[in-house]
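K.L.:
Below are the sequence and a predicted model for it; my questions follow.
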Number of protein chains: 2
Amino acid sequence: MSSLGSKWKPVIVMVINDRKLRFGQIAARIHVISRKVLTDQLREMVEDGLLIREEFKELPPRVEYTLTEKGLALLPILNLLEDWERNYETKEVLAEA
Amino acid sequence: MSSLGSKWKPVIVMVINDRKLRFGQIAARIHVISRKVLTDQLREMVEDGLLIREEFKELPPRVEYTLTEKGLALLPILNLLEDWERNYETKEVLAEA
DNA sequence: CGGTATCCTAAAGGATACTG
DNA sequence: CAGTATCCTTTAGGATACCG
């Protein structure tokens, strides 16, 4: 299960979703992550076959990320995990009330 | 997603499954985990509402763990994750051959 | 803009010995 | 048997400054 590795990779997968996002856009949507960690995670995810990285040799530089088929296949599973968490989180809160 | 916390909790959930297992049985099935870490993880999982811990005041002591409804609900999702991993692991190996 | 490089801290995980 | 207690190493993650 540690194929997901860090706590950030699932978040990044869900943020990118079926879109094509630039580095800055990803950073903006996960504003609590440091640039270094985001860079690290993105590089590892490319190595893991989760992401495709497209670099445009322009100035200023532009880099776009999309999910691979493997990454896309992970999306519904992560959604289930979110549902699971929300579902039981709610029950605990209600139980306390 | 870090509701799953450590790298061990999903493993423990899958090992216990729908059974009732003693501390030693869990340890034996995850032989690479240290006793301290297993103890830590089990305690946290009880706090998280994933596990039920039954302690029998005998000598020698006996402690049995079962999944809660919340823990059981996690099982099919973890199975999907395993399938996902196996599926794309295979493809990469084939691609190298 | 999208990174590196450097340094640092906190926390996860582990080895080993001991206990009720 | 099922833990505690203690100590230690490794790693994830972050702050900050600089670069092409």
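P.N.:
All right, it came through fine.
K.L.:
what's the spacing between A:V11 and DNA strand D?
P.N.:
10 Å (C-beta to the nearest atom of the strand, to the nearest Å). Placement of C-beta: from N, CA and C, glycine included.
K.L.:
secondary structure element for that residue?
P.N.:
Here A:V11 sits within helix A:9-16, counting by DSSP states H and E.
K.L.:
what about the residue of chain A found nearest DNA strand D, which SS state?
P.N.:
With C-beta to the nearest atom of the strand, the shortest gap between chain A and DNA strand D falls at A:S6, namely 2.8 Å. Following DSSP: H, G, I helix; E, B strand; the rest coil, we place A:S6 in the coil state.
K.L.:
mind checking the SS state of the residue lying closest to it once chain neighbours are set aside?
P.N.:
Nearest-residue entry for A:S6: A:Q41, 6.2 Å, with adjacent residues in sequence omitted and distances by C-beta to C-beta, 6 or more residues apart in numbering or on different chains. At A:Q41, secondary structure determined by three-state DSSP is helix.
K.L.:
wait, doesn't A:Q41 sit right on A:W8?
P.N.:
Yes. A:Q41 is within contact range of A:W8, at 4.9 Å (criterion: C-beta atoms under 8 Å).
K.L.:
The residue of chain A closest to DNA strand D: how many residues sit nearby?
P.N.:
15 (other C-beta atoms under 10 Å in any protein chain shown).
K.L.:
Next, count neighbours for the closest residue to A:I12 other than its chain neighbours.
P.N.:
Of all residues not flanking A:I12 in the chain, A:Q41 sits nearest, at 6.1 Å (C-beta to C-beta, 6+ apart). Residues near A:Q41, counting by other C-beta under 10 Å, number 22.
K.L.:
contacting residues for A:Q41?
P.N.:
By C-beta atoms under 8 Å, 6 or more residues apart in numbering or on different chains, A:Q41 lies in contact with A:S6, A:W8, A:K9, A:I12, A:I33.
K.L.:
The third one: neighbour count?
P.N.:
Spelled out, that is A:K9. Using other C-beta under 10 Å, A:K9 is surrounded by 22 other residues.
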